[in-house]
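S.K.: below is the sequence, then the predicted model.
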Amino acid sequence: METQTAVLEALSDIVGSAGCLANEADVEPFVTDYRGAYRGKAQVVVMPTTTAQVSQVVAWCHAHGIPMVPQGGNTSLMGGAVPDDSATAVVISLRKMTRVLAVDTINDTMTVQAGVTLSAARTAAENRKRLFPLRIGSEGTCQIGGNLSTNAGGTAVLRYGSMRDLVLGLEVVLPDGRILSSLKGLRKDNTGYDLKQLFVGAEGTLGIITGAVLKLMPQPRSTVTAFVAVPCPASAVKLLNEARMLSGEAVTAFELISAPALDLVLNHLGSVQSPLQGRYDWMVLIELTAGTEEEHLNNSMMELLERGLEHGWVVDGAVAASLADGQLFWRIREEISDAQRYAGGSIKCDISVPISRIAQFIEKASAEVQSLEPAMRMVVYGHIGDGNVHFNPLRPVDQDAREFLARWSKPVSDLVDDLAHAENGSISAEHGIGVAKRDSLEGYKAPVELDLMWQIKRALDPRNLMNPGKLLPLNHRAPPADQ
C-alpha cells in the first residue's frame with residue numbers, strides 16, 4: 001500500500017494541489033455524514049473537475065489497490081457516502097463538476113455533470129421554461145450524481161417517477177478507470193442491455209457517475225396546494241383515490257403528516273404556525289398541477305375537498321390563497337427531516353408497501369412500537385401517494401437521545417422492517433442501503449437476488465475497491481479480499 005504522501009503527490013499530479021485535501025480539518029466534512037451518525041477516515045479527498053480526471057484518479061487507485069468512496073453532496077442518511085475507519089480509502093468528491101452542459105428544449109433534455117446540485121438543475125430547467133420534477137428537502141446540497149446513485153424519489157414520484165425514470169443517458173467511470181459514455185437523449189434505444197440502469201441505485205459500488213442526460217417536462221401553468229386534516233391514514237388513502245378519479249395526472253403530490261411531525265416542525269421553526277386552526281392527529285398536503293388555467297384546477301381541488309367532507313375523509317382544510325401560502329405548506333413538510341436532526345433521537349425507517357396496505361401498516365407498526373415504549377413520539381410522514389412512508393419514532397421528550405438510540409434503534413428498526421416485509425414491502429423505499437441497512441438486507445432479499453448482485457459487483461469490480469462495504473451484505477458470497 002502506498003504511503004499517504006505518495007497518494008497525495010500522485011493524485012495532485014492529476015487534479016492539481018488545490019483539488020486534493022489531506023489535512024485532518026479539511027477532510028473532516030467529507031468523512032462525517034449528514035446526521036453525524038457515521039464517521040470514517042480517508043487518506044486523501046480528491047476533487048476532479050472533468051470525467052477524464054476522474055478516470056485517471058480511478059485508474060491510479062485501481063492499479064495501487066486503494067479503495068475509493070465516491071461522494072456527491074454527502075446528504076445520505078444511510079452512511080453510504082463516507083469511508084470506513086481504516087484510513088485506507090480515497091474519497092472522490094464530485095463537488096467541482098458543476099457544469100450544466102446543455103439544455104435541449106426541443107428534445108426536452110438537460111445534460112449535466114454529476115456535481116450539479118439538484119437546486120441548480122431545477123433552476124437551469126426553469127430558466128428555459130422547463131421543469132425538472134425531482135423535489136427533495138436537501139436540493140440545495142444534494143447532487144445529481146448522488147440522486148442517481150441512490151435512485152432518489154422525493155415528493156413528486158406519484159406523477160413523475162424516481163430518478164430511474166428521469167434519466168436517459170449516463171457517463172460512468174468504471175472501477176478500473178475505463179469510461180462508459182452514453183450521454184444520449186434517446187427515449188427509444190432497443191440495442192441490448194440498458195446498462196445505465198445498472199448504476200442507478202447502485203450507491204457507487206459499480207462505478208462513479210460523472211454525467212447524465214435528464215428528462216425535462218413542460219412547466220405547469222397552474223398549481224393548487226391544500227393542507228388538509230383527515231381522521232386517519234385510511235381516510236387519506238380514500239381521499240387519494242378520489243383525487244386520482246377526479247384529477248388524474250394532475251395529482252402531483254400527496255404527503256401524509258402525523259401530529260407529532262407537525263409539532264416538531266412548528267417547535268423547530270418557532271415563528272411558523274399551523275395552516276389549520278385546530279390540532280389534528282393526521283394531515284395531508286395535496287398538490288395539483290396542470291397545463292390548464294388555474295380556475296379549472298381550483299374547481300377540482302374544491303370538489304375533492306367537498307367530497308371528502310361528505311364522506312368523512314376530511315375534517316378541516318386550508319387551500320393556499322397565494323404563492324406564499326403554498327410555500328409555507330411545503331416548508332412545513334420539507335423541514336420535518338431537519339427538525340428531527342436538531343431534536344436528536346430519531347429512528348429512521350424508510351419503508352414502502354402497496355398503497356392498499358399502507359393504512360394497515362401504519363396502524364399496526366405504531367401500536368407495536370408504542371407497546372415497547374409508550375412515550376415515543378410517532379413522527380410518521382411521507383409520500384403516501386406512492387406507498388412510501390418515513391416511519392421515524394422519536395425519543396420521549398425527557399429521554400437522552402444517545403441512550404434512547406442505543407436501546408431502541410435496532411429493535412424498533414427490525415420490528416418496522418419485518419412488518420413492511422410481511423406486507424410485500426421494502427425496507428428501503430428511497431434512502432438506499434449504505435451501511436445502515438447492509439447487514440439487514442440478507443434477511444429480506446432472496447438468496448438468488450443477492451447472488452446476482454454480488455456477481456454483477458465481481459464482474460465490474462473484482463478487487464472490491466469501489467465503495468467497498470456498502471449496499472451488499474458482507475457475509476453473502478463476498479469476493480475474497482486478495483482477488
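M.R.: That came through fine.

S.K.: count of neighbours near the spatially closest residue to Ser222 that is not a sequence neighbour?
M.R.: The spatially closest residue to Ser222, leaving aside those adjacent along the chain, is Glu294, at 3.7 Å (CB to CB, 6 or more residues apart in numbering). Just so you know, the C-beta spots here come from the backbone N, C-alpha and C atoms, and that holds for glycine as well. Using other CB atoms under 10 Å, Glu294 has 13 other residues around it.

S.K.: got phi/psi on Glu294?
M.R.: Taking degrees, to the nearest 10, you get phi -60, psi -30 for the backbone angles of Glu294.

S.K.: for it, what are its contacts?
M.R.: Glu294 is in contact with 221-224, counting by CB atoms under 8 Å, 6 or more residues apart in numbering.

S.K.: Leu198 - that's part of a helix, no?
M.R.: Yes - assessed with DSSP: H, G, I helix; E, B strand; the rest coil, Leu198 lies in a helix.

S.K.: what score does the residue nearest to Ser222 have for pLDDT?
M.R.: Looking at Glu294, its pLDDT is 73.

S.K.: before we move on, what about Ser17?
M.R.: Ser17 is assigned a pLDDT of 94 by the prediction.

S.K.: what mean pLDDT does stretch 361-377 have?
M.R.: Here the average pLDDT along stretch 361-377 is 96.

S.K.: hang on, I meant stretch 29-48
M.R.: Averaging pLDDT along stretch 29-48 yields 93.

S.K.: hang on, the earlier thing: and the contacts of Glu294, which of them are buried?
M.R.: Those of the contacts of Glu294 that meet the buried threshold are 222-224, by 16 or more other CB atoms under 10 Å.

S.K.: ok, Ile332 touching Asn267?
M.R.: No - Ile332 is beyond contact range of Asn267, at 11.9 Å (criterion: CB atoms under 8 Å).

S.K.: distance of Ile106 relative to His421?
M.R.: 45 Å (CB to CB, to the nearest Å).

S.K.: just want to know which of these two has more residues nearby.
M.R.: Between Ile106 and His421, counted using other CB under 10 Å, the more crowded position is His421 (15 against 6).

S.K.: which of the three states applies to Pro473?
M.R.: What three-state DSSP gives for Pro473 is coil.

S.K.: and the end-to-end length of stretch 129-149?
M.R.: Terminal residues of stretch 129-149 lie 27 Å apart, using CA to CA, to the nearest Å.

S.K.: in strands only, show me the buried ones among the contacts of Glu294.
M.R.: With strands taken from DSSP state E, the overlap with those comprises 222-224.

S.K.: contacting residues for the spatially most central residue of the chain?
M.R.: Centroid-nearest residue in the chain, with CA atoms, centre = their mean: Ala152, separated by 3.9 Å. Contacts for Ala152 (CB under 8 Å, 6+ apart) come out as 134, 136, 142, 146, 162-163, 430.

S.K.: run the last query once more with 10 Å
M.R.: Ala152 is in contact with 75, 118, 134-136, 138-139, 142, 144, 146, 162-164, 166, 200-201, 430-432, counting by CB atoms under 10 Å, 6 or more residues apart in numbering.

S.K.: hey, where'd the helices end up in the stretch 51-200 of the chain?
M.R.: In the stretch 51-200 of the chain, the segments counted as helices under DSSP state H, counting those that start in this stretch are 51-63, 118-127, 144-149, 157-160, 163-166, 196-199.

S.K.: now do the third one: which elements does it pack against?
M.R.: Which is helix 144-149. On a contact count with 3 or more CB pairs under 10 Å, 6 or more residues apart in numbering; DSSP states H and E, helix 144-149 meets strand 68-71, strand 109-113, helix 118-127, helix 163-166, strand 167-173, helix 196-199, strand 208-215.

S.K.: many thanks, we can stop here.
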